[in-house]
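Engineer: Predicted coordinates and the sequence they were generated for:
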Amino acid sequence: MELDLAPAGLARAVEELPLVDHHVHGAVTLDLPRTAFEEMITESDRPVPDWMTQFDSQLGFAILRHCPPVLGLDPSCAPEEYLARRARLGAAEVNRLLLGAARLGHLLVETGYRGDELLGPSGMAEACGAPADEVVRLESVAEQVAAAGCDAGAFAGRFAEALHERTRTARGLKSVAAYRCGLDFDPAPPSRAEVADAAGRWLAAGGRLSDPVLVRHLIWTGLERGLPLQLHIGLGDPDVDLRRADPLLLRGLIELAEPTGVPLLLLHCYPYQRQAGFLAQAYPNVFFDVGLAVNHTGARGAAVVAESLEVAPFAKLLYSSDAWGPAELHYLGAVLWRRAMLRVLGGFVADGEWTVGQAVRVFTMVGAENARRVYGLG
Amino acid sequence: MELDLAPAGLARAVEELPLVDHHVHGAVTLDLPRTAFEEMITESDRPVPDWMTQFDSQLGFAILRHCPPVLGLDPSCAPEEYLARRARLGAAEVNRLLLGAARLGHLLVETGYRGDELLGPSGMAEACGAPADEVVRLESVAEQVAAAGCDAGAFAGRFAEALHERTRTARGLKSVAAYRCGLDFDPAPPSRAEVADAAGRWLAAGGRLSDPVLVRHLIWTGLERGLPLQLHIGLGDPDVDLRRADPLLLRGLIELAEPTGVPLLLLHCYPYQRQAGFLAQAYPNVFFDVGLAVNHTGARGAAVVAESLEVAPFAKLLYSSDAWGPAELHYLGAVLWRRAMLRVLGGFVADGEWTVGQAVRVFTMVGAENARRVYGLG
Amino acid sequence: MELDLAPAGLARAVEELPLVDHHVHGAVTLDLPRTAFEEMITESDRPVPDWMTQFDSQLGFAILRHCPPVLGLDPSCAPEEYLARRARLGAAEVNRLLLGAARLGHLLVETGYRGDELLGPSGMAEACGAPADEVVRLESVAEQVAAAGCDAGAFAGRFAEALHERTRTARGLKSVAAYRCGLDFDPAPPSRAEVADAAGRWLAAGGRLSDPVLVRHLIWTGLERGLPLQLHIGLGDPDVDLRRADPLLLRGLIELAEPTGVPLLLLHCYPYQRQAGFLAQAYPNVFFDVGLAVNHTGARGAAVVAESLEVAPFAKLLYSSDAWGPAELHYLGAVLWRRAMLRVLGGFVADGEWTVGQAVRVFTMVGAENARRVYGLG
């Protein structure tokens, strides 16, 4: 539906609610030349071919549509003009403007990917004017344990200690199993001997942690730790085999983990958002979002959000931006999701299927309340 | 499109056509306390967590939107008010009101799942004011044969006899292979020796029938029986592994069954409705519906129905509600599907792509004629 | 959106741009009785059952909506009236009218499937009034080598020579691996010994080429040849196992082929257009279209096109009709795609997300410029 036809009460609620971004990374602290900026607005890790620009994409058009006004320019200006203004203002001011404009109520910042180039949770909290807590990536903790020197037999114990230490104040854990070995792993916890064996191979060979035995061990140690566990699902960079990032592959793990009571949060899920919705209906411990997909589908975000509002109970869906790097992504995540939800929920009202009150309530649940309950944010 | 903008001729046809619900279960005969009611409006078999209510879902909102007026209340009243009225009226009156309001022309009632808690075909016929015939679940017949006592070598013969006996007046058969072993089974009929062997293991072990050899044997015996064969596809309760409920897995069976001339009816199919449409275009013996998915997607039902109207010839699509239990589901199935079809077909007309006459004809085919032809309902 | 509400500047661009149809077959040169016509407007290779007509489908309705005016009849006339006029005009005149009305700027004609019943590239160029170049099907060349007599050890060399000879003026290559062995083949080039061994088995057994070793060998020889390589993906006739036609299965080949710089063009992709879009974002060498799916989804074409405009950069999407046989399909491919793009891009503008200028530019890129760049059409 057209936004200016949306019910006023819903439009106001959508505008005013401070969102809880339950899965986000830091904003980049460096100034970005055009090439670097373009490389950060795609999930591809390849150089941008000289016959194209990443601005010619839904995400590129969305940046040019929504971000220039925050920096004092007209909407849909040329990329050159936008980047020139961005450079003139400097990264710190750009971050302050865009992060502030996202109007967030709370952030859960995942720090495990190139975190040293980015604002940390406290920097994000300051720039956003909202509390920020940390989500700790399991694989990063394990790799730090390995980097610090550890023998195979000691690995499991050392990892458990390090995880405990590292998550004293954290609100959640994250696994990138989808990147490391695909989600078609044996869901059962591996035995201590298997873990020691796999750890021995890994510590000898070096490199990143990708042995499925170790990935499973990290997840099960995480489940024992008891914090809500985020799992990367669906689209990402070319490192992901999208076939092996289908959330339905997690059925075994979901069932085995159910008695622990730990919430499992399926992130992004595109193009498997309907499959994620099915799991969220079937299993009390499954939650999901369409995070990253909203930014990357831009003007099509409402279509993706709508598919996330099909079979899952409304208590099981959350908001996230999964923004990483340019603060445009943190801002856009919020803007595009607000607009998408207003279109979709406003459409249900216009169709005579929902009341305005129901639409406001669902927006509030998904935009903030569900995350506050799951992570205990108060 | 907005319903009051739909072409009048189409709106009238949609309103007036008595639908053939080709796959439905009985309405529950007991009064339902709130917990029981909530547990029957989700496919989850888990207790409803105390931090949520199943009314906060597309199906819950749809119930509150459309059912209160049938019971004399305002639309979108509170769940408490609705359930209080429901309790005051009593199950028999609620069933009479809601089932009558569905305006059905014929029902095919599948009796194989907890049938003793539900109205049977004759009770449904009476409450709906329309003829009702039976669809017999293959697995239930086999389990009755086992329960009656049977040895392994006699199982195949006893099952064939029982099936013949049990389906004297039935209009169709149903298989829940998707629940029992997944659809990735060897499509060929098993040998007599394999069946005896598998029957021996099953009869000794007890429990429900789930050995793929036996599932296949039931299907092939069903194909010999010659009645149209319904197959559960796609979403269902947590007992289903959704990855193994993809209709594309049935390609081998479809091709092997083609010479028998038996219609294969793929039920629900969500989120694989496009895959089902492809099979329905490719193979003359394949038909499908989006049954259960329309109720569970509520305000999004038009999106699902629209995807079912893509590549399949219009002679291959049927209507069903797959309602089970609360008569709200039988009524809503019809209401939501009517509204979804009116939106989608009316949209094709408004777009200048279809004529009103074409839209009326497709509605009539899918809503009644296709089922009458496939099942020989006259 | 309704077409007459689309921005005038966009509507004009959509109307006026001569499209590059980068994957099309010839129009049939024979007059078509009704049965033959109906069999050519479905992907099914089965006889049309006597209880249905292929005109009762999205494609059938689209033909009746859009083609009669080109032949001097009113839109949405009866099939009988349309086919009578078609017969009276004769195939040559029908082809001239419909192909001319498609308003194409360039055609890439794939000649490998029943090419002797169809206009070749020069006949298509004449009828369309636009240049037409050839795309050569790898499997057909190999089968011609076999038919000419060849021993196993000589096969690889003879195929390379024949391919070189056959593609002197061709603009692209095509593989139908999806039909022959599914896309889940080992992506690495087979060894010379493996090829000779597989060729020996095939040449002795006869029949069409379907051994995965040979399919891979053809693809790798094609990659060495260096022309853009088209790959059949997703829906097609019943010969395709749709599960094994998922573009995500090509991830290994895409990564191995990346250093060659050869563009890989994923054709049709339905229902996997979102998966194709993900690959097109991730990998610089991946391009795609929704060709065949637009004709077969008719009034739903905009929904499919919209899904193709989600995560892929706009430089990675192309137009094709994949028309084969009746010239209605060549014409409709262009008409339906123009209408779908106008609806989708016009909708982005109406939603306030894109400018008209951006919409025109994306239409021009996808409709012509991307293909001109990828195939070097000037």
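Structural biologist: Arrived safely.
Engineer: Going by C-alpha atoms from here, please, whenever you check contacts or count neighbours.
Structural biologist: Noted.
Engineer: Find the nearest non-adjacent residue to the residue in the stretch 51-200 of chain A that chain B sits nearest to, please.
Structural biologist: Closest to chain B within the stretch 51-200 of chain A is A:D184: 11.7 Å, counting by Cα to the nearest Cα. Nearest residue to A:D184 in three dimensions, chain neighbours excluded: A:L249, at 5.5 Å (Cα to Cα, 6 or more residues apart in numbering or on different chains).
Engineer: contacting residues around that neighbour?
Structural biologist: The neighbours of A:L249, taking Cα atoms under 8 Å, 6 or more residues apart in numbering or on different chains as the test, are A:L183, A:D184, B:R243.
Engineer: Mind jotting down where the helices sit in the stretch 101-250 of chain A?
Structural biologist: Ranges of helices in the stretch 101-250 of chain A, per DSSP state H, counting those that start in this stretch, are A:121-128, A:138-147, A:152-166, A:177-180, A:192-205, A:212-225.
Engineer: Any idea which of those gets closest to chain C?
Structural biologist: Using Cα to the nearest Cα, the nearest of the helices of the stretch 101-250 of chain A to chain C is helix A:177-180, at 14.1 Å.
Engineer: re the thing from before, neighbour-wise, which of the contacts of A:L249 leads?
Structural biologist: Highest neighbour count within the contacts of A:L249: A:L183, with 27 neighbours (other Cα atoms under 10 Å in any protein chain shown).
Engineer: ok, the one residue in the stretch 151-300 of chain A that gets nearest to chain B - how many residues close by?
Structural biologist: For the stretch 151-300 of chain A and chain B, the shortest gap (Cα to the nearest Cα) falls at A:A282, measuring 4.4 Å. The tally of other residues near A:A282 (other Cα under 10 Å) stands at 24.
Engineer: ok, now the one 5 residues further on?
Structural biologist: Other residues near A:F287 come to 27 when the count uses other Cα under 10 Å.
Engineer: quick one: the helix or strand harbouring it near chain B?
Structural biologist: Using DSSP states H and E, A:F287 maps to strand A:286-288. No: interface with chain B: strand A:286-288 contributes nothing (Cα under 8 Å from any Cα of the partner chain), its closest point being 11.9 Å away.
Engineer: Smallest gap between the stretch 51-200 of chain A and chain C, at which residue?
Structural biologist: A:S57 (4.5 Å).
Engineer: Phi first, then psi, for the closest residue to that residue other than its chain neighbours.
Structural biologist: Once flanking residues are discounted, A:S57 sits nearest to C:P313: 4.5 Å by Cα to Cα, 6+ apart. Here is the backbone geometry of C:P313 (degrees, to the nearest 10): phi -60, psi 150.
Engineer: now do the one 4 residues further on
Structural biologist: Backbone dihedrals for C:L317, given as degrees, to the nearest 10, come out at phi -110, psi 140.
Engineer: Return the per-residue confidence for the nearest residue to A:F348 once chain neighbours are set aside.
Structural biologist: Using Cα to Cα, 6+ apart and skipping residues adjacent in sequence, the residue nearest A:F348 is A:W354, 5.5 Å away. Looking at A:W354, its pLDDT is 98.
Engineer: Contact partners for A:W354?
Structural biologist: A:F348, B:F61, B:A62, B:R65, B:S76, B:A299.
Engineer: switch the cut-off to 10 Å
Structural biologist: Residues near A:W354 by Cα atoms under 10 Å, 6 or more residues apart in numbering or on different chains: A:345-348, B:58, B:61-62, B:64-65, B:75-76, B:298-299.
Engineer: State the pLDDT value of the residue of the stretch 201-350 of chain A found nearest chain C.
Structural biologist: Relative to chain C, the nearest point of the stretch 201-350 of chain A is A:T297 (4.6 Å; Cα to the nearest Cα). Note on A:T297: pLDDT of 98.
Engineer: excluding its backbone neighbours, what's nearest it?
Structural biologist: C:E310 (4.6 Å).
Engineer: mind checking pLDDT for the one you found?
Structural biologist: 98.
Engineer: Over to A:R300?
Structural biologist: 98.
Engineer: ok, the closest residue to it other than its chain neighbours - how many residues close by?
Structural biologist: Nearest residue to A:R300 in three dimensions, chain neighbours excluded: C:E310, at 6.2 Å (Cα to Cα, 6+ apart). C:E310 sits with 27 neighbouring residues when counted by other Cα under 10 Å.
Engineer: in which helix or strand would I find the residue nearest to the spatial centre of chain A?
Structural biologist: Centroid-nearest residue in chain A, with Cα atoms, centre = their mean: A:D322, separated by 3.1 Å. Using DSSP H and E, A:D322 maps to neither a helix nor a strand.
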